[in-house]
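*Asks:* Next one to model:
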Amino acid sequence: MATGKRCSLVLLLTLLFAGPGYSEVCATDDRGQQVCLENPAQRIAALSPGATELVWAAGAGDKVVAVVAFSDYPPAARDVVSVGSHVRLDVERLLSLKPDLIIGWETGNPREQMALLESFGLPVFTIEPRRFDDVASVLRRLGRLAGTSRVADAEATRFLAGIESLREKYSDRSPVDVFYEVWHQPLMTVSDDHLIGKVLTLCGGRNVFGTLPTLVPKLDTEAVLVADPEVILTSGIADENREWFEHWQKFDGLRAARLGNLLLVPPSLIQRPTPRLLEGSQILCEKLESVRQRRAASSSAGGSGGDSTSRQSTLSPQGITES
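*Replies:* Numbering: from 1, shown residues only. The predicted structure is shown next:
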């Protein structure tokens, strides 16, 4: 055998039978830390409901061996072993499942417990999507780590195309002043830096608290009354939960209450940074569009129409506290 052919054969055999280093996969997480695995992950622990959805969307659902409370989508996730909640993990149970990749939530999981898992030598890939592009990026990186890039890349492309379609459709719509209520007691909202804030902007909404410096600011009722939004929007804690709106219905002078613009979006479709955010965005955009249509109809009939530009208030510092 010629020397050149012999060398080529040796190289081929080396690549075929070499150790696992030749199949190493790496991705940089949202902390900026590179996570490398000798082989694509086979036993994944997803430590938030959003992480669970993202792993499934990336095509690796059959590799998930551990989830946390409220990981209810897709339905198959309900059958996976739970290792506590995202704020308090059952570390011993998690370790017993022998995960080879842990998907953590940067601002949701307890830092001390995540550090403990890393001290045991477990690869922790931390995510914190805050933009539409981030959702697609996480999908692609999870696909790389799980060896399911074909599915993950296709889903990321579909998601971004849907978001861009909504942007084109609603970019020139008249603005609608919106207060998004994340929680009622304490009263909390989102800034424009939050992913939900970006959905509001996408749909032509104008977040009345969008410029506040914290991601999830705390407010009091007076701040909302001063802002006088045309719409109060929430996801509540359940799809049909309207209890939070009863508080606002007491204020006859509040524009959103007077116009009947107290609106709900299913929580799992808007509060989780996953591909289903596209569906939630479509619903939210349609709700704001219905507000515009009612406004136009009222104006045509000679009413005030609830014009979102009719009242621009300055928030008093006393009306706002920050988390």
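*Asks:* Next up, the contacts around the most centrally placed residue in the chain.
*Replies:* Centroid check for the chain by Cα atoms, centre = their mean gives Pro273 as the closest residue, at 1.6 Å. Listed by Cβ atoms under 8 Å, 6 or more residues apart in numbering, the contact partners of Pro273 are 50, 54, 129-130, 134-135, 138, 195. All C-beta atoms are positioned from the backbone trio N, CA, C, and that covers glycine.
*Asks:* Which of the residues you listed are buried? Put it as a PyMOL command.
*Replies:* Selecting only the buried entries of these in PyMOL, with 16 or more other Cβ atoms under 10 Å as the criterion:
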select buried, resi 50+54+129+130+135+138+195
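*Asks:* among the contacts of Pro273, which two are most distant?
*Replies:* Spanning the widest gap among those are Leu54 and Arg130, at 14.0 Å by Cβ to Cβ.
*Asks:* thinking again about what came up before, before we move on, what SS does the residue nearest to the centre of the chain have?
*Replies:* Using DSSP: H, G, I helix; E, B strand; the rest coil, the structure places Pro273 in coil.
*Asks:* Just give the nearest non-adjacent residue to it, would you?
*Replies:* Distance criterion Cβ to Cβ, 6 or more residues apart in numbering; nearest residue to Pro273, sequence neighbours excluded, is Pro129 at 3.9 Å.
*Asks:* Surely the one you found forms part of a helix?
*Replies:* No: Pro129 is assigned coil when assessed by three-state DSSP, not a helix.
*Asks:* Next, the contact list for it, please.
*Replies:* Pro129 neighbours (Cβ under 8 Å, 6+ apart): 30, 135, 137-138, 195, 273.
*Asks:* For Met188, grab the count of nearby residues.
*Replies:* Neighbour count of Met188, defined by other Cβ atoms under 10 Å: 17.
*Asks:* mind starting the numbering at 52 from now?
*Replies:* Let's use 52 as the start, then, which means that last one is Met239.
*Asks:* what's the pLDDT at the residue nearest to it when sequence neighbours are not counted?
*Replies:* The shortest distance from Met239 to any non-neighbouring residue, by Cβ to Cβ, 6+ apart, is to Val233 (4.3 Å). For Val233, the pLDDT comes out at 91.
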